[in-house]
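> Okay, sequence plus prediction incoming.
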Amino acid sequence: MATDAKSITNITPSSLPWKTRFLVKIISALMKATCHSDGTLNTRLLRLLDLQLPTIPNRLIYSVSSSNITISPTRNLWFRLFSPSVATTSLLPVLVFFHGGGFTMCTPASLPFDVVCRRFASTLSAHVISVNYRLAPEHRYPSQYDDGFDVLKFLDDNWEMVLPPNADLSRCFLAGDSAGANVAHHVAVESCRTETFRTLKLVGLVSIQPFFGGEERTESEKRLIGSFLVSMARTDWCWKVFLPEGSNRDHPAANVSGPNAVDISGMEFPDTVVFVGGFDPLQDWQRRYYDWLKKSGKRATLIEYPNMSHAFYVFPELSESSQLIMQVKDFVDKLSFK
């Protein structure tokens with residue numbers, strides 16, 4: 001039986017454990033309190049909310065060690081390297097990860113992203129590089145994209161000094177969730193445009209519930225107006241403080257498949273897997289992205305989680321979180337050995 005829009009306003013996925021639902025609602029309320037209508041952030045409150053984990057070079061968690069590597073101190077550009085403790089002489093792929101947070105918050109040291117990158121490194125048997133890119137509103141577009149691309153150039157130029165000997169940069173994957181998936185897409189486009197790498201080769205893109213948008217209000221945005229973590233007020237605020245002043249949400253940074261989209265049809269764009277949640281208000285934009293990739297002649301796969309909300313995969317207690325990570329492993333394995 002069809003469900004009308006009014007009946008699913010403020011809905012919470014019943015499949016989520018009560019602990020997860022409670023935690024997400026608290027996080028949503030606190031996130032709302034940090035964003036001011038004038039485009040500023042309550043940075044003091046944000047620092048209290050954002051639990052940062054130190055690197056763990058010797059003691060292993062998820063059988064993974066970590067270390068921080070600085071690229072540019074002046075713009076605080078650095079990455080956290082996660083390396084699995086696998087006893088193997090085989091070369092391991094490299095996954096460059098961009099965290100979510102609406103372009104405005106979090107770092108690779110933030111608890112959810114430190115943990116999820118450890119899980120990726122352990123499950124995928126890959127070296128994971130989590131990028132600390134500059135944040136809005138202090139740094140608007142294209143700062144985040146520039147930082148992401150500069151990390152790739154740094155790796156290409158310095159991989160022998162900064163990566164473990166068994167890191168195979170010719171099997172490099174980009175990945176990100178939410179705003180981080182937006183960054184990963186645009187870094188991939190810029191990489192295809194320039195083709196300046198000597199060793200690094202992009203072979204795949206992992207797009208987890210990417211943050212895209214436009215001036216139009218899609219059906220899912222109107223239907224899921226009470227969704228936690230993501231709301232139209234919240235996403236509108238993020239676009240307002242991220243995009244160039246005077247731009248609207250049809251800017252190509254936001255509406256990647258819209259009227260101002262970059263033509264990627266002639267590019268060697270990497271194979272892409274797109275993950276979508278059925279309780280994510282952004283899902284219609286994410287499906288349009290997948291459709292646009294296919295229409296542009298690119299290889300793309302769409303994987304849907306009908307009962308999951310935005311950012312579900314960062315909660316390790318959810319079986320769907322482990323399932324997604326295994327699907328990323330299958331994607332990486334398939335492209336690594338084709």
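Looks like it arrived, so ask away.
> pLDDT averaged over the longest strand along the chain, what's the number?
Longest strand in the chain by number of residues (criterion: DSSP state E): strand 167-177. Averaging pLDDT along strand 167-177 yields 97.
> Listing partners with orientation, what would you give for it?
The strands that strand 167-177 pairs with in its sheet are strand 92-98 (parallel), strand 202-208 (parallel) (by DSSP bridges).
> Rebuild these as CSV, extending it with mean pLDDT.
Formatted as CSV, the strands paired with strand 167-177 follow (pLDDT from 0 to 100):
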stretch, mean pLDDT
strand 92-98, 98
strand 202-208, 98
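> residues making contact with the helix or strand encompassing residue 334?
Element membership for residue 334 (DSSP states H and E) is helix 319-336. Residues outside helix 319-336 that contact it (C-beta atoms under 8 Å, 6 or more residues apart in numbering) are 93, 95, 119-120, 123-124, 126, 171, 173, 175, 203-204, 206, 208, 271, 273, 275, 301, 303, 305, 307-308, 312-316. Quick note: C-beta positions are derived from backbone N, CA and C, even for glycine.
> Can you check what angle separates it from strand 202-208?
Counting by axes from the mean of the first three to the mean of the last three C-alpha atoms, to 10 degrees, helix 319-336 lies at 170 degrees to strand 202-208.
> quick one: average pLDDT of helix 319-336?
Average pLDDT, helix 319-336: 97.
> Pull out the buried positions in that helix.
By neighbour count on 16 or more other C-beta atoms under 10 Å, the buried set for helix 319-336 is 320-321, 324-325, 328, 331-332, 335-336.
> where are the low-confidence patches of the stretch 1-150 of the chain?
Counting by pLDDT under 70, the low-confidence segments of the stretch 1-150 of the chain come to 1-16, 18-19, 22-23, 25-33, 35-36, 39-48, 58-59, 87.
> got the residue ranges for the helices in it?
18-34, 43-49, 111-124, 143-162 (DSSP state H, counting those that start in this stretch).
> how many neighbours does the closest residue to residue 314 other than its chain neighbours have?
Leaving aside its sequence neighbours, residue 314 sits nearest to residue 112 (C-beta to C-beta, 6 or more residues apart in numbering; 4.1 Å). Using other C-beta atoms under 10 Å, the number of residues around residue 112 comes to 21.
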